[in-house]
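> Predicted model and sequence below, questions to follow.
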Amino acid sequence: MKNIKLGIKIGGGFGVLILIACALGGLAVFNMKTVEDDSTRLADEYVPEVGVANLIERSSLLAMYAWRGYAFTEQESFLVEGKKQLAATMQALDQAKKHAETYPDLVALKENAQAARQQVEAYVSLSEQTEALVNAMHADREAMNRQAGTFMDNCMAFLSSMNEALEKEIAENAEGVKLTERAWKITLVNDIINLGNDTIIKVWRAQATRHLAEIDAGIQNFTKIDDILAKLNPTVRNPANIKQLEAVQKAGADYRDSML
């Protein structure tokens with residue numbers, strides 16, 4: 001080394017420095033390329049993955065909120081919103097599936113999207129059952145209202161007829177036994193009306209509070225009504241009144257069947 005000229009030594013030193021700088025530059029380029037690839041994957045794969053996952057979560061939560069509101073209130077607005085959010089959830093799942101197929105490395109997204117779709121499809125089936133049950137309840141409610149109306153209308157018609165007959169008998173100075181029987185009939189039909197009103201109240205209270213024991217208590221009233229009709233029927237001789245009591249009995253039976 002002592003025989004090597006100073007210029008060669010200096011040149012060699014600079015050469016080594018140049019080699020080191022090239023090596024460091026190459027390493028930096030390699031690292032930057034790696035960062036670029038990671039950034040590209042982050043932008044093209046992971047960020048959209050998180051976005052679609054958030055979209056699925058948001059729409060599914062909104063769907064559950066809407067369907068819960070529909071089940072409790074039976075309001076049409078909740079039904080419309082629930083269907084809308086379920087459709088949005090399915091659309092987001094389609095996006096997740098397409099994204100996972102485009103980027104095969106997103107294995108977890110593919111598996112979770114498939115599992116989520118199965119659960120959403122099951123939820124859709126349950127929501128359809130909920131809608132069908134609510135519609136059935138509406139139909140039953142309308143039927144009960146009609147039957148209750150028929151029941152009460154005929155009771156009131158019979159009561160009106162009894163009151164008119166009582167007034168006529170009083171004006172004609174009818175015998176006391178006849179007046180007593182008429183008053184007894186009026187009392188019995190009023191008892192039927194009271195039981196009918198109590199039943200209607202219990203039915204609506206049961207629907208408002210979802211307390212089915214009220215329905216059971218209302219059904220028990222029909223046994224009492226049948227007992228009163230069994231006493232009243234043999235004493236009624238006017239064909240119009242007989243027809244009214246038959247309508248009361250039939251409407252009561254139909255009303256009771258709707259409550260079961």
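It's in.

> can we go C-alpha only for contacts and neighbour counts from here?
Fine.

> which outside residues touch stretch 78-92?
Under the contact criterion C-alpha atoms under 8 Å, 6 or more residues apart in numbering, stretch 78-92 has outside partners 52, 55-56, 59-60, 62-67, 69-70, 117, 120, 124, 131.

> Please identify the buried residues of that stretch?
Neighbour counts using 16 or more other C-alpha atoms under 10 Å place 78-79, 81-83, 85-90, 92 of stretch 78-92 among the buried residues.

> Provide a list of residues in contact with Phe222.
195, 252-253, 256.

> which pair in those residues spans the largest distance?
Leu195 and Ala253 (13.8 Å; C-alpha to C-alpha).

> out of the contacts of Phe222, who's nearest Val107?
Distances from Val107 to these, taken by C-alpha to C-alpha, are shortest for Arg256, at 58.0 Å.

> pretty sure that closest one is touching Gln220, no?
No - applying C-alpha atoms under 8 Å as the test, Arg256 and Gln220 come out as separate, 9.3 Å apart.

> more crowded one of these two?
For Arg256 versus Gln220, neighbours defined as other C-alpha atoms under 10 Å are more numerous around Arg256 (20 against 13).

> any idea how far Thr102 is from that one?
Separation of Arg256 from Thr102 (C-alpha to C-alpha, to the nearest Å) stands at 61 Å.

> immediately after the helix or strand Phe222 falls within, which helix or strand?
Assigned by DSSP states H and E, Phe222 falls within helix 213-232. Next along the chain after helix 213-232, taking DSSP H and E as the criterion, comes helix 239-259.

> Sort out which residues of that following helix are buried, please.
241-242, 244-249, 251-256.

> List the contacts of the residue nearest the centre of the chain.
Ranked by distance to the mean C-alpha position of the chain (C-alpha atoms, centre = their mean), the top residue is Ala71 at 2.6 Å. Residues near Ala71 by C-alpha under 8 Å, 6+ apart: 130, 134.

> mind giving me JSON lines with the buried residues of helix 239-259 and columns for pLDDT and distance to Asp140?
Shown next, in JSON lines, are the buried residues of helix 239-259 (pLDDT from 0 to 100; distance: C-alpha to C-alpha, whole Å):
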{"residue": "Asn241", "pLDDT": "90", "distance to Asp140": "29"}
{"residue": "Ile242", "pLDDT": "89", "distance to Asp140": "28"}
{"residue": "Gln244", "pLDDT": "89", "distance to Asp140": "24"}
{"residue": "Leu245", "pLDDT": "88", "distance to Asp140": "24"}
{"residue": "Glu246", "pLDDT": "89", "distance to Asp140": "23"}
{"residue": "Ala247", "pLDDT": "89", "distance to Asp140": "20"}
{"residue": "Val248", "pLDDT": "88", "distance to Asp140": "19"}
{"residue": "Gln249", "pLDDT": "89", "distance to Asp140": "19"}
{"residue": "Ala251", "pLDDT": "88", "distance to Asp140": "14"}
{"residue": "Gly252", "pLDDT": "88", "distance to Asp140": "15"}
{"residue": "Ala253", "pLDDT": "89", "distance to Asp140": "14"}
{"residue": "Asp254", "pLDDT": "87", "distance to Asp140": "11"}
{"residue": "Tyr255", "pLDDT": "86", "distance to Asp140": "10"}
{"residue": "Arg256", "pLDDT": "88", "distance to Asp140": "11"}
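
> And the residues you listed, which is closest to Met144?
Among the buried residues of helix 239-259, and counting by C-alpha to C-alpha, the member closest to Met144 is Tyr255, at 5.6 Å.

> hang on, the closest one packs against Asp140?
No - judged on C-alpha under 8 Å, Tyr255 makes no contact with Asp140 at a distance of 9.8 Å.
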